[in-house]
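>>> Return a 3D structure for these sequence lines:
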Amino acid sequence: MKLQATTQLGKIKSTLREQICGGIMNDRQKLPSERELSELFETTRITIKDALVSLETEGLIYREERRGWFVSPERVRYNPLSRSHFHQMVREQDRIAETKVLNVRSVMASREYAKAMQIERITPIHIIERLRYIDGRAVLFVENCLIARLFPNILQENLHGSLTGLYAEKYGYRTQRSRFDVIPTAAPSHVAKALNLATGQPVLKICRVNYKQDGAIMDCEFEYWRPDSVVITIDSCGD
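Here you go, the predicted structure:
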């Protein structure tokens, strides 16, 4: 019985994969509902759900809360070592980028932020929450955490574009180096809501700490990517 169920699951995945990779189903096209698929393949919704989750892990499909399953567009390539900002990176791959500011606030650094920025005493920080889109689809939730004393009046600036450019133009700061931690994790509720995910759905979390030209930490970013939307590509040239 177990072998039969495994074989059936494999056939369902293979059929759906062929439909997607063969171009029969297009990017962003909605799949039939789980009920419709269970009737089509004459199986249970549990088996269908297992197949869909497996294809989601492969990056072939994605789901949106209360909307269903869709065919994933081609992933964008993201090189953390590159100095290109988000809009430039997306534009260079012939895609359309958009950024919306969701929330800004000033708080005392909590444990996670303090640890990332190596803060050892009570320190005010600014938090800028932004939602980023590729070709009209929300794929990235970003929390930018800035040490407040380094960025006076920054919350009055236009925060929809490149913060790196703003740092250089207004404050004379340039990123000398960055440190990255890449962590597959579950989406917190506020991130899930912004990305139209179910709370706890998998996301790719990237913590990036930025150092300015004097070697001091100036800010950190917590990026939450839809896993199907990005591939991490690192190209480092050595001697």
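>>> alpha carbons only for contacts and neighbour counts from here, please
Fine.
>>> Pass me the low-pLDDT residue ranges in the chain, would you?
Applying pLDDT under 70 to the predicted model, the residue ranges of the chain that meet it are 1-6, 236-239.
>>> Helices along that one, start to end?
In the chain, the segments counted as helices under DSSP state H are 2-21, 34-40, 45-57, 86-92, 111-116, 163-166, 189-195.
>>> Could you list every helix and strand that the shortest one packs against?
In other words, helix 163-166. Here helix 163-166 touches no other helix or strand, going by 3 or more Cα pairs under 8 Å, 6 or more residues apart in numbering; DSSP states H and E.
>>> which outside residues touch it?
His85, Arg174, Thr175 (Cα atoms under 8 Å, 6 or more residues apart in numbering).
>>> and which of these is nearest Leu150?
Distance to Leu150, by Cα to Cα, is smallest for Arg174 among the contacts of helix 163-166, at 12.7 Å.
>>> My read is that that closest one contacts Tyr167, right?
Yes. Taking contacts as Cα atoms under 8 Å, Arg174 lies within contact range of Tyr167: 7.0 Å.
>>> tell me the domain ranges of this protein?
When the chain is parsed with the TED database, its domains come out as 8-71, 76-232.
>>> what would these look like in JSON lines with mean neighbour count?
Converted to JSON lines, the domains of the chain look like this (neighbours: other Cα atoms under 10 Å):
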{"stretch": "domain 8-71", "mean neighbour count": "16"}
{"stretch": "domain 76-232", "mean neighbour count": "17"}
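>>> What residues are bridge-paired with Ala186?
Pro202 (DSSP bridges).
>>> Name all residues that make contact with Phe41.
Ile12.
>>> hmm, 10 Å instead?
Phe41 is in contact with Gln8, Lys11, Ile12, Thr15, Thr47, Ile48, counting by Cα atoms under 10 Å, 6 or more residues apart in numbering.
>>> quick one: which two of those residues are the most distant?
Across these, the two lying at the largest distance from each other (Cα to Cα) are Thr15 and Thr47, at 13.9 Å.
>>> what residues do these two have in common as contacts?
Contact criterion Cα under 10 Å, 6+ apart; residues bridging Thr15 and Thr47 by contacting each: Leu9, Phe41.
>>> how close does the nearest residue to Gly68 once chain neighbours are set aside get to Lys115?
Distances taken as Cα to Cα, 6 or more residues apart in numbering place Ser33 nearest to Gly68, at 6.7 Å, with adjacent residues excluded. With distances taken as Cα to Cα, to the nearest Å, Ser33 is found 44 Å from Lys115.
>>> so where do the strands sit in this protein?
61-64, 68-71, 76-78, 97-108, 124-134, 137-147, 175-186, 202-212, 217-225, 230-232 (DSSP state E).
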